[in-house]
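Colleague: sharing a model that was predicted from the sequence below.
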Amino acid sequence: MPITDPEKLQIAQQKLLFVKICRECGARNPPSAEKCRRCKSHNLRWKHRALKR
């Protein structure tokens, strides 16, 4: 069931796509993370994403 409301779609995209991924263990971390919640590594990257238009 696709989301048709643009406001709800934006909220869902923010929650699912704007996270940081640990390069060591692959854990998903919040956007504000400075280090990994699982392995405590500082080697984080932003999740690769392509937004639908």
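Modeller: Sure thing, it's come through.

Colleague: just list what the helix or strand of the chain with the lowest mean pLDDT packs against, helices and strands only.
Modeller: Each helix and strand of the chain was given a mean pLDDT (mean pLDDT, DSSP states H and E); the minimum falls on helix 6-17 at a mean of 93. Counting by 3 or more Cβ pairs under 8 Å, 6 or more residues apart in numbering; DSSP states H and E, no packing neighbours are recorded for helix 6-17 among the helices and strands. The way it works is simple: take the backbone N, C-alpha and C, and place the C-beta from them, glycine included.

Colleague: so residue 31: helix, strand or coil?
Modeller: Secondary structure for residue 31, judged by DSSP: H, G, I helix; E, B strand; the rest coil, is coil.

Colleague: and the closest residue to it other than its chain neighbours, what's its pLDDT?
Modeller: Using Cβ to Cβ, 6 or more residues apart in numbering and skipping the chain neighbours, the partner closest in space to residue 31 is residue 18 (5.3 Å). At residue 18, the model reports a pLDDT of 95.

Colleague: show me the contacts for residue 18.
Modeller: Under the criterion of Cβ atoms under 8 Å, 6 or more residues apart in numbering, the neighbours of residue 18 are 31, 46-47, 49.

Colleague: alpha carbons of the least confident helix or strand of the chain, as CSV, please.
Modeller: Taking C-alpha atoms only, helix 6-17 is exported to CSV below (Å, rounded to 0.1, in the frame of the first residue of the first chain):
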residue,chain,number,x,y,z
PRO,A,6,3.4,13.9,0.7
GLU,A,7,3.8,14.9,4.3
LYS,A,8,3.7,11.3,5.6
LEU,A,9,6.0,10.2,2.7
GLN,A,10,8.6,12.8,3.8
ILE,A,11,8.4,11.6,7.4
ALA,A,12,8.9,8.0,6.3
GLN,A,13,11.8,8.9,4.1
GLN,A,14,13.5,10.8,6.9
LYS,A,15,13.1,7.9,9.3
LEU,A,16,14.3,5.2,6.8
LEU,A,17,16.9,6.9,4.7
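
Colleague: what is the subsequent helix or strand relative to it?
Modeller: strand 20-22 (DSSP states H and E).

Colleague: which strands and helices sit next to that following strand?
Modeller: Helices and strands touching strand 20-22, by 3+ Cβ pairs under 8 Å, 6+ apart, are strand 28-29, strand 44-46.
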